[in-house]
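Engineer: quick one, fold the following:
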Amino acid sequence: MSGDSKISEKKSLKLSDYYLILYNVILTVGWSLILYVTVQTGLTWKTQNDVLTSKNLYKNNEFLLQIFQTAALLEVVHAAIGIVRSNPVLVFVQVLSRITVVWFVAYPFESPRSSVGILVVCTAWSFAEIIRYVYYALNIIGKIPYFITWCRYSFFIALYPIGVTGELICMYYAAKYLEPLNIRKRYSFLLPNNLNISFDIYYFFILTMLLYIPVFPILYKHMLAQREKILNGPSKKAKKQE
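Structural biologist: So this is what the prediction gives:
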């Protein structure tokens, strides 16, 4: 049996393929840098409190997280215009929670930045994205070692729920900080006002966390179904019978 997966075969590359290869390589490098910074920062920690507060980790990774996580929004565009075969709605939902954590949770509020949630998301996101973008780049050129395919469709089993846990920890700390009404008022648009509408950021975070309950199982089951299709599909079963 060949060491290469037969999921994809060699093909003539289009201009969009070269663009996607470049995109995936850049994102692989970006998330590798985030993982490197995470490890290097972790090596400076001396106490349990350093770990529980992710000491200096957000500060050291802030710019990288903002750049490379925001760049994932392009994947929604890729799916929408048809240069990749993905459901743009599913892609948007998967990207949205991370964008929320980066820009609307960690960026404006100190408490999530000083929680263990930042360590969890930096670690889980990095491993998941490095594997994913390497897989995508190799898939475009049609040469994927089976080991990479297996990693792509197996590591998420642990990394996805770990990453979601980190996201929820960050949101919890943001919501906890915003719970007092005097603080909430600074970030909310409460009644009464001339527009007669209201936005309460505290309840926004509570609702967002609750939405994980129905959404996470749907996305996780979808990924498990993809794993079954790719790793144990008809072509794989045929190989086993040879």
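
Engineer: identify the residues contacting Ile157.
Structural biologist: Listed by CB atoms under 8 Å, 6 or more residues apart in numbering, the contact partners of Ile157 are 224, 227. Glycine gets a C-beta too; all of them are placed from N, C-alpha and C.

Engineer: please identify the buried residues of the helix or strand harbouring it?
Structural biologist: For Ile157, the host element (DSSP states H and E) is helix 156-178. By neighbour count with 16 or more other CB atoms under 10 Å, helix 156-178 contains the buried residues 156, 159-160, 162-175, 177-178.

Engineer: ok, now stretch 179-186?
Structural biologist: Buried residues in stretch 179-186, defined by neighbour count with 16+ other CB under 10 Å: Arg184.

Engineer: check stretch 181-200 too.
Structural biologist: Quick answer for stretch 181-200 (16+ other CB under 10 Å): 184, 187-188, 200.

Engineer: so what's the residue count around Ala225?
Structural biologist: 10 (other CB atoms under 10 Å).

Engineer: can you give me the strands for this structure?
Structural biologist: Under the criterion DSSP state E, the chain contains strands at 4-5, 144-145.

Engineer: worst mean pLDDT among the ones you listed?
Structural biologist: In terms of average pLDDT, strand 4-5 trails the rest of the strands of the chain, at a mean of 38.

Engineer: now the end-to-end length of stretch 77-95.
Structural biologist: By CA to CA, to the nearest Å, the extent of stretch 77-95 from end to end equals 12 Å.

Engineer: now the residue located most distally from the centre of the chain: how far from Leu181?
Structural biologist: Going by CA atoms, centre = their mean, the residue of the chain most distant from its centre is Asn194, 38.8 Å out. As judged by CB to CB, to the nearest Å, Asn194 and Leu181 stand 21 Å apart.

Engineer: show me the shaky parts of the protein.
Structural biologist: Low-confidence segments of the chain (pLDDT under 70): 1-11, 234-242.

Engineer: what residues of the longest helix that it contains count as buried?
Structural biologist: Identified as the longest helix of the chain according to DSSP state H is helix 201-231. For helix 201-231, the neighbour count (16+ other CB under 10 Å) marks 201-202, 204-206, 208, 212, 219, 223, 227, 230-231 as buried.

Engineer: over to Lys143: give its phi and psi.
Structural biologist: Dihedral angles of Lys143 (phi, psi; degrees, to the nearest 10) stand at phi -140, psi 90.

Engineer: number of residues surrounding it?
Structural biologist: By other CB under 10 Å, the residues close to Lys143 number 13.

Engineer: do the same with Asn232
Structural biologist: Using other CB under 10 Å: Asn232 sits among 12 other residues.

Engineer: any idea how far it lies from Ala128?
Structural biologist: Distance, Asn232 to Ala128, by CB to CB: 21 Å.

Engineer: Lys185 too?
Structural biologist: Here Lys185 is placed at a distance of 37 Å from Ala128 (CB to CB).
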